[in-house]
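[1] what follows is a predicted protein model with its sequence.
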Amino acid sequence: MTYIRVVSITIIWLLFSSASIADEQQRRAIIETVNQFFLAIETKDAELLESILIPGSLNISSSEQLEGKSELTKMDYERMVSALTRPGRDAKERAWDETILIQGHIAIFWAPYDFHVDGKFSHCGVDSFQLVNSGEKWLISNASWTRETQDCPQSPLGPISQ
């Protein structure tokens, strides 16, 4: 009886740990896709950005305005690639404390971020990326974010490195 109990517990533990390992691998792959998004912005690499975005995506940002109102900016795929990789400014985006939800071949990445232009703080907000697993890798199907200049929390990542 004890032998059967030990074997049963071991099998259950292996099943749960295998699922946990697979989930962690998926989480790491999603974070890698998001980090590639940030790297494409920083290096102005349109080819890299295009390799992780699904063509035809609609991307939306919400900017704070006076009196608590917000302005929505919609960008299609082409405009997003062009805007995020245009030359002329050094940009760096960093996210932390991400929440990742995964169900099958879709996922959501949600995290606070800060954004710096030419080495100076520009704004903060929350990034929300919707991702789809193509079977080979995770791709961003939609990006939405807030853009805030007031009451930004201090990043736990510290100052940006030049």
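    All right, it came through fine.

[2] could you list every helix and strand in contact with the biggest strand by length in the chain?
    Counting residues, the longest strand found in the chain (DSSP state E) is strand 120-133. Counting contacts by 3 or more Cβ pairs under 8 Å, 6 or more residues apart in numbering; DSSP states H and E, the secondary-structure elements packed against strand 120-133 are helix 2-43, strand 106-117, strand 138-147. Any C-beta I mention is one placed from the backbone N, CA and C, and that applies to glycine too.

[3] may I ask which helix or strand of the protein has the lowest mean pLDDT?
    Between all helices and strands in the chain, the lowest mean by mean pLDDT, DSSP states H and E belongs to helix 2-43, at a mean of 77.

[4] please name whichever of the helices and strands packed on strand 120-133 is nearest to residue 130.
    Across these, residue 130 has its closest neighbour in strand 138-147 (4.3 Å, Cβ to Cβ).

[5] could you give the angle of the closest one to strand 106-117?
    Counting by axes from the mean of the first three to the mean of the last three Cα atoms, to 10 degrees, strand 138-147 lies at 50 degrees to strand 106-117.
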